[in-house]
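Visitor: kindly return the folded structure for what I paste below:
(one chain, ligands or ions: 1)
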Amino acid sequence: MSAPANEWWTPWREIDGADVLHVDLAPHPEREAFAFSLLDEEEKARWRRFVVERAKRQFSLCRGALRIQLSRRLDCSNRALSFDYLEHGKPVARVKGRRVPLGFNVSHSGRHGLMAFSHRDGLGVDVEERLPRRDLDGIGGRVYGPNERQALAAATGAQKVHLFYRLWSLKEALIKALGTGFSLNPSRFEVPGPVLEGARSSDFRFPHSPEHPWRLHDLGEPRFAAALAWRLRSR
Ligand SMILES: CC(C)(COP(=O)(O)OP(=O)(O)OC[C@H]1O[C@@H](n2cnc3c(N)ncnc32)[C@H](O)[C@@H]1OP(=O)(O)O)[C@@H](O)C(=O)NCCC(=O)NCCS
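Guide: The predicted structure is shown next:
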């Protein structure tokens, strides 16, 4: 199958040596068919198990774009590339069965996907489309810590929606960098004070492992909330 005329991802940000690419997840049958053709049998089986059309599209377009980017960056064929999954589902890449020295992470929300690549360890990216209809205080009460809940309670209208998704993406990027998924209760840690007050980046430490420093970066823009986190070397 031949590649569509235009790639569906574009370079978007470069943060401290990490490349972040935006992936266009708008419906596009030609791209979706081509992206699907790049998947291996396990990935195709996973694609078939998604019930919702949008989930199928997000998975195939992101995984197809990820495969093309990894093949280029690692100078290997798509067929030589495979994925396996850490304890809580974080994917890592292999070329001809060998683990590669390139970190990556992927996120998708609605029509937007982000792919991040870095030679650093422990990379996490998150994107969230802002949907104004949800019970923001109720959900925030379950996933945010005391200072975050207080800031959310004080915000109103569009500002509240903005803050809710900003906090969500920042915390989710940290959880994804760590790789623990739902096994870490997000209300057990908070974004650093300066970031809560609006700073775009800061160092960060999880309360359960303060010896390991991380870096957190807010990538939010008008279309969506987004964040990138990565592990710093311990001093
Ligand atoms: C996977 C997880 C980490 C995020 O899921 P999600 O919200 O659907 O996420 P995203 O679109 O941002 O990311 C999905 C991608 O992350 C990657 N991923 C999967 N498990 C991961 C993990 N444990 N760690 C890091 N990345 C992971 C995959 O590439 C996946 O994409 P794919 O399924 O197309 O391959 C989810 O398991 C989770 O635990 N989320 C925490 C939820 C939470 O409590 N958030 C509160 C924030 S305040």
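Visitor: when you work out contacts or count neighbours from here on, use the C-alpha atoms and nothing else.
Guide: Noted.
Visitor: up against the ligand, what does this protein have?
Guide: Contact residues, the chain versus the ligand (C-alpha under 6 Å from any ligand atom): 59, 88-91, 105-109, 126, 143, 168, 171-172, 176-177, 179-182, 186.
Visitor: show me the contact partners of stretch 159-178.
Guide: 90, 105, 122-132, 136, 140, 148, 152, 155, 181, 184, 186, 190-191, 196, 216-218, 220, 225-231 (C-alpha atoms under 8 Å, 6 or more residues apart in numbering).
Visitor: again, 6 Å this time
Guide: Stretch 159-178 has contacts (C-alpha atoms under 6 Å, 6 or more residues apart in numbering) with 122-126, 225-230.
Visitor: got the domain boundaries for the chain?
Guide: Domains of the chain are assigned by automatic domain parsing as 9-119, 126-231.
Visitor: got the end-to-end distance for the longest one?
Guide: Looking back up the chat, that one is domain 9-119. Chord length of domain 9-119, first to last residue, is 20 Å (C-alpha to C-alpha, to the nearest Å).
Visitor: centre of the chain to that domain, how far?
Guide: From the chain centre to the centre of domain 9-119 is a distance of 11 Å (C-alpha atoms, centre = their mean, to the nearest Å).
Visitor: likewise for stretch 225-232?
Guide: 9 Å.
Visitor: can you report how many residues lie near the residue in the chain that the ligand sits nearest to?
Guide: For the chain, the residue closest to the ligand is residue 181, as judged by C-alpha to the nearest ligand atom, at 3.1 Å. Close neighbours of residue 181, defined as other C-alpha atoms under 10 Å, add up to 17.
Visitor: drop anything exposed from the contacts of stretch 159-178.
Guide: 122-126, 225-230 (16 or more other C-alpha atoms under 10 Å).
Visitor: for the strand or helix carrying residue 151, C-alpha coordinates in CSV please.
Guide: Assessed by DSSP states H and E, residue 151 sits inside helix 146-154. Coordinates of each C-alpha in helix 146-154 appear next as CSV, following Å, rounded to 0.1, in the frame of the first residue of the first chain:
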residue,chain,number,x,y,z
PRO,A,146,-5.4,19.7,48.7
ASN,A,147,-3.6,22.7,47.2
GLU,A,148,-4.8,21.7,43.7
ARG,A,149,-8.4,21.3,44.9
GLN,A,150,-8.3,24.7,46.6
ALA,A,151,-7.0,26.4,43.4
LEU,A,152,-9.7,24.6,41.4
ALA,A,153,-12.5,25.6,43.8
ALA,A,154,-11.4,29.2,43.6
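Visitor: run the chain-centre distance for the helix or strand just after that helix.
Guide: Where DSSP H and E defines the elements, the next helix or strand beyond helix 146-154 is helix 157-178. Helix 157-178 has its average C-alpha position 12 Å from the chain's average C-alpha position, going by C-alpha atoms, centre = their mean.
Visitor: that's a strand at residue 32, yeah?
Guide: No: secondary structure of residue 32 (DSSP: H, G, I helix; E, B strand; the rest coil): helix, not part of a strand.
Visitor: which stretches of this structure have low pLDDT?
Guide: 133, 234-235 (pLDDT under 70).
Visitor: for it, which segments count as strands?
Guide: Counting by DSSP state E, the chain has these strands, from start to end: 9-15, 18-24, 81-85, 91-95, 98-99, 103-109, 112-118, 123-128, 201-205, 213-218, 225-231.
Visitor: would you mind finding the most buried of the ones you listed?
Guide: strand 123-128 (a mean of 29; mean count of other C-alpha atoms under 10 Å).
Visitor: from the rest of the structure, what touches that strand?
Guide: So strand 123-128 is contacted by 105, 107, 109, 169, 173, 176-177, 224-230 (C-alpha under 6 Å, 6+ apart).
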